[in-house]
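**Student:** With the sequence up front, the predicted model follows.
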Amino acid sequence: MENALRAIWNRDEPALNAWLNIGHTFSAEIMASQDFDSLTIDCQHGPIDYSSLLPMCQAMRASGKTIMARVPWRDPVWIMKFLDAGAMGIICPMVNTPDEAAEFVSYLRYPPHGQRSWGPTRAIFAQPDYNKDGANDAVLAFAMIETGTALENLDAISRTPHLDALYVGPSDLSLGMSNGRLKPGLDREEAEVIDTLKHIVGVAHDNGIRAALHCATPEYAARAVAWGYDMVTVGTDSAILAQGAKATTAAVRTLIQENRGG
């Protein structure tokens, strides 16, 4: 079994990840046809559930990109069903302790490394060579670092056996590390947050795992790569749609006004 995202990391190259909030096969197929390395279906926030995720995975299969999912919570029901649907990576929110990290990993690894139940209903067709050992090696486990408690336990979480990467959610992290003093948001410029982001990637690499950061703009994503991040998410389907529509309508209205002599 192969995971295209693992192959990119094995070449010591950074990966570009897209975020999918629109639960439709057509928009998913469009996003997968762009120059992203991986795509993550977000099932924590937003309208997407399993009945939308499965056909989205089918629509994106031909792209050859790594298809991943963010689960609603650290729950074996969601993790195992999404893997059985063909997801090749799971991003788990709110992992705060090494015990929670170990529990998360156990849900997506088959024995002897975990307690995942066998039944890859679609995955075995999406990847005809799907097997227990191959899945254990290929599927990626991302623990989200989003709270002050997670920062306190960062080193221990990073040392969790069979955990592949830390995924930083800057909005919740900013709230958590400041006890609510900072407002939520991406692309943080506060020195304390930037220092923390650099610290997280350093701890991850010290423990032999990768680090990913959720970004809002290409410029910030490039900075994150310069800090050492192995994957950056920049490009959410809903945001791209809104930004494109806003830019187009603004341009047309400006031109109409200019042509009318206004």
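**Tutor:** Now that the structure is in, tell me what you want to look at. Computed from a predicted structure; not experimentally measured.
**Student:** Show me what counts as buried in stretch 4-19.
**Tutor:** Buried positions in stretch 4-19, judged by neighbour count with 16 or more other CB atoms under 10 Å: 4-6, 8-9, 14-19. For the C-beta atoms, the positions are set from N, CA and C on the backbone; glycine is no exception.
**Student:** And for stretch 252-259?
**Tutor:** Buried residues in stretch 252-259 (16+ other CB under 10 Å): none.
**Student:** ok, now how distant is residue 119 from residue 183?
**Tutor:** 43 Å (CB to CB, to the nearest Å).
**Student:** can you give me the end-to-end distance of stretch 126-136?
**Tutor:** End-to-end distance for stretch 126-136: 16 Å, by CA to CA, to the nearest Å.
**Student:** Let's test this: mean pLDDT of it, rounded?
**Tutor:** Average pLDDT, stretch 126-136: 95.
**Student:** Sticking with residue 244, tell me its helix or strand.
**Tutor:** Counting by DSSP states H and E, the element that carries residue 244 is helix 237-259.
**Student:** hmm, I was thinking of residue 222
**Tutor:** helix 218-227.
**Student:** what comes up buried for that helix?
**Tutor:** Of all the residues in helix 218-227, those buried under the rule 16+ other CB under 10 Å are 220-221, 223-225.
**Student:** before we move on, the earlier item: what distance separates the helix holding residue 244 from the centre of its chain?
**Tutor:** Its chain's C-alpha centre and that of helix 237-259 lie 29 Å apart, by CA atoms, centre = their mean, to the nearest Å.
**Student:** As a check, name the ranges of all helices in the stretch 101-250 of the chain.
**Tutor:** With DSSP state H, counting those that start in this stretch, the ranges of helices along the stretch 101-250 of the chain come out as 123-126, 132-138, 148-152, 154-158, 170-177, 191-206, 218-227, 237-259.
**Student:** Tell me which of the ones you listed sits nearest to residue 99.
**Tutor:** When the helices of the stretch 101-250 of the chain are compared by CB to CB, helix 154-158 sits nearest residue 99, at 9.2 Å.
**Student:** contact partners of the helix or strand bottoming out on mean pLDDT in the chain?
**Tutor:** Of all the helices and strands that make up the chain, helix 170-177 has the lowest average by mean pLDDT, DSSP states H and E, namely a mean of 90. Residues from elsewhere that reach helix 170-177, judged by CB atoms under 8 Å, 6 or more residues apart in numbering: 94, 145-151, 182-188, 190, 192-193, 196-197, 213-214.
**Student:** repeat that for 10 Å
**Tutor:** Helix 170-177 is contacted by residues 93-94, 96, 144-152, 169, 180-188, 190, 192-193, 196-197, 200, 213-216, 220, 224 when judged by CB atoms under 10 Å, 6 or more residues apart in numbering.
**Student:** Please find the angle between the direction vectors of that helix and helix 218-227.
**Tutor:** Interaxial angle, helix 170-177 versus helix 218-227 (axes from the mean of the first three to the mean of the last three CA atoms, to 10 degrees): 60 degrees.
**Student:** still on that earlier bit, please indicate which of the contacts of helix 170-177 are buried?
**Tutor:** Buried among the contacts of helix 170-177 by 16+ other CB under 10 Å: 93-94, 96, 144-147, 149-151, 169, 182, 186-188, 193, 196-197, 200, 213-216, 220, 224.
**Student:** Thank you, goodbye.
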